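Visitor: what's the 3D shape of this:
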Amino acid sequence: MGLINIINYNYRGDFVKKASLILVATLVISISLAGCGSKTMSNNTSKTNVASNKIQQTSNETANQSNKVNALNFETVNMTYINKKVKINYPQITNFSDANKQSQINELIKNDILNDHQKDVTNLVKAYFKNDKEAEDALTEDVNYEIKLNNSKILSILYVKNSTIPGSAHANNYLHSININIENGTILKFKDLINIDNNFVEKLKNVKNRIWTPKALLGIGATDEFNKELVGVIGDEFSDRDNKDLIGQFNSDDYSFYFTKDYFGMSIDVPHAVGDYAELEIKYNEIKDNIKPENEVWKGWQ
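Guide: Predicted coordinates:
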């Protein structure tokens with residue numbers, strides 16, 4: 001799954017970012033293992049740099065103390081990819097009962113976020129630069145994550161990407177997610193979990209019990225006043241789009257979503273002035289009629 005908020009840059013120095021719900025499928029550029037061969041793994045006591053690139057493992061006990069799956073007995077640690085002005089944090093699982101599956105899941109996580117970064121570079125090259133090197137030299141990117149759910153069925157990871165290039169008026173924030181079926185070690189896609197139809201879109205437009213989680217710039221918090229403004233903005237965005245357009249966007253392989261214990265989370269593009277993005281969280285029972293029961297991750301859910 002790729003980033004739903006594709007980085008589009010203004011040649012005069014600013015990002016051009018749609019403040020709408022249209023999500024565009026992007027070209028997926030694979031990063032081969034050979035391409036990652038120049039990166040090294042290190043612990044806190046021994047760090048090896050190869051050129052300007054490195055991958056560093058650090059303890060993530062404080063950030064992820066609650067991210068344990070008792071049934072399967074695994075934990076997460078933080079890994080960091082660094083290349084020039086790019087810093088990407090991503091999790092890896094440890095102490096899993098099945099060593100082969102642990103390796104498989106960790107490769108999925110690592111390759112997913114590095115491929116997503118490569119798409120950012122590719123989009124820059126297509127728009128403004130001659131090659132990857134020029135784009136990588138220009139791009140400043142900081143990527144962090146939150147583990148939204150970690151249980152015996154699903155590992156749900158939501159990334160926040162903060163990106164800029166020289167001359168831009170401000171940084172822009174983007175979301176990216178990966179949701180993994182723990183039992184079979186595969187990536188879950190939105191369209192494989194939900195029947196995306198007119199009924200589903202209407203529920204999103206009209207549901208009464210929805211929670212908006214804004215991530216505004218400049219430290220603006222989720223105050224009641226700001227949240228009210230954000231809900232109004234998103235309401236306008238929903239009203240401006242017909243159901244066919246929304247169905248198309250939700251069907252995109254790059255659409256970012258996540259699971260929590262009580263809510264199903266969906267990403268929403270909003271104008272930069274109100275934070276670049278928001279998260280719509282809807283209770284599972286609100287969309288139970290649209291859940292695809294044949295997908296094994298729903299078995300026994302709630």
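Visitor: Just the mean pLDDT for the helix or strand encompassing Glu75, thanks.
Guide: Glu75 belongs to strand 75-83 when assigned by DSSP states H and E. Rounded to a whole number, the mean pLDDT of strand 75-83 is 95.
Visitor: next SSE after that strand?
Guide: strand 86-94.
Visitor: What is that next one packed up against?
Guide: Counting by 3 or more Cβ pairs under 8 Å, 6 or more residues apart in numbering; DSSP states H and E, the packing neighbours recorded for strand 86-94 are strand 75-83, helix 99-127, strand 140-150, strand 154-164. No exception for glycine: its C-beta is placed from N, CA and C like everyone else's.
Visitor: between the longest one and strand 75-83, how big is the angle?
Guide: Read that as helix 99-127. In terms of direction (axes from the mean of the first three to the mean of the last three Cα atoms, to 10 degrees), helix 99-127 departs from strand 75-83 by 30 degrees.
Visitor: just to revisit the earlier point, TSV please, covering the helices and strands packed on strand 86-94 and showing distance to Gly248.
Guide: Converted to TSV, those look like this (distance: least, Cβ to Cβ, whole Å):
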stretch	distance to Gly248
strand 75-83	32
helix 99-127	20
strand 140-150	25
strand 154-164	22
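Visitor: if we can go back for a sec, if you count contacts, what does the strand holding Glu75 end up packed against?
Guide: Using 3+ Cβ pairs under 8 Å, 6+ apart, strand 75-83 sits against strand 53-58, strand 86-94, helix 99-127.
Visitor: Any chance of CSV for these, columns distance to Asp276 and mean pLDDT?
Guide: Compiled in CSV, these are given as follows (distance: least, Cβ to Cβ, whole Å; pLDDT from 0 to 100):
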stretch, distance to Asp276, mean pLDDT
strand 53-58, 27, 57
strand 86-94, 18, 97
helix 99-127, 15, 94
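Visitor: Make JSON lines out of these and add mean neighbour count.
Guide: Formatted as JSON lines, these follow (neighbours: other Cβ atoms under 10 Å):
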{"stretch": "strand 53-58", "mean neighbour count": "17"}
{"stretch": "strand 86-94", "mean neighbour count": "20"}
{"stretch": "helix 99-127", "mean neighbour count": "18"}
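Visitor: of all these, which lies closest to Thr80?
Guide: strand 53-58 (4.5 Å; Cβ to Cβ).
Visitor: just to revisit the earlier point, JSON lines for the helices and strands packed on strand 75-83, including distance to Ser163?
Guide: Output for the helices and strands packed on strand 75-83, formatted as JSON lines (distance: least, Cβ to Cβ, whole Å):
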{"stretch": "strand 53-58", "distance to Ser163": "18"}
{"stretch": "strand 86-94", "distance to Ser163": "9"}
{"stretch": "helix 99-127", "distance to Ser163": "7"}
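Visitor: which one of these lies closest to Asp262?
Guide: strand 86-94 (21.8 Å).
Visitor: Quick check: which of the helices and strands packed on strand 75-83 is nearest to Ile147?
Guide: Short answer: strand 86-94, nearest of those by Cβ to Cβ, at 6.4 Å.
Visitor: quick one, that closest one and helix 99-127 angle?
Guide: Going by the same axes, to 10 degrees, strand 86-94 makes 160 degrees with helix 99-127.
Visitor: what residues does strand 86-94 touch?
Guide: If you take Cβ atoms under 8 Å, 6 or more residues apart in numbering as the criterion, strand 86-94 is touched by 57, 60, 64, 67, 74-82, 102, 105-106, 109-110, 113-114, 117, 136, 139-145, 147, 155, 157, 159.
Visitor: Ok, stretch 177-189 next?
Guide: 1, 69, 72, 101, 104-105, 108-109, 112-113, 151-159, 253, 256-259, 267, 295-297.
Visitor: So for Asn209, what's the pLDDT?
Guide: Looking at Asn209, the pLDDT reads 56.
Visitor: Kindly report the same for Val24.
Guide: On the pLDDT scale, Val24 gets 32.
Visitor: pLDDT weak spots in the protein?
Guide: 1-73, 207-224, 226-227, 301-302 (pLDDT under 70).
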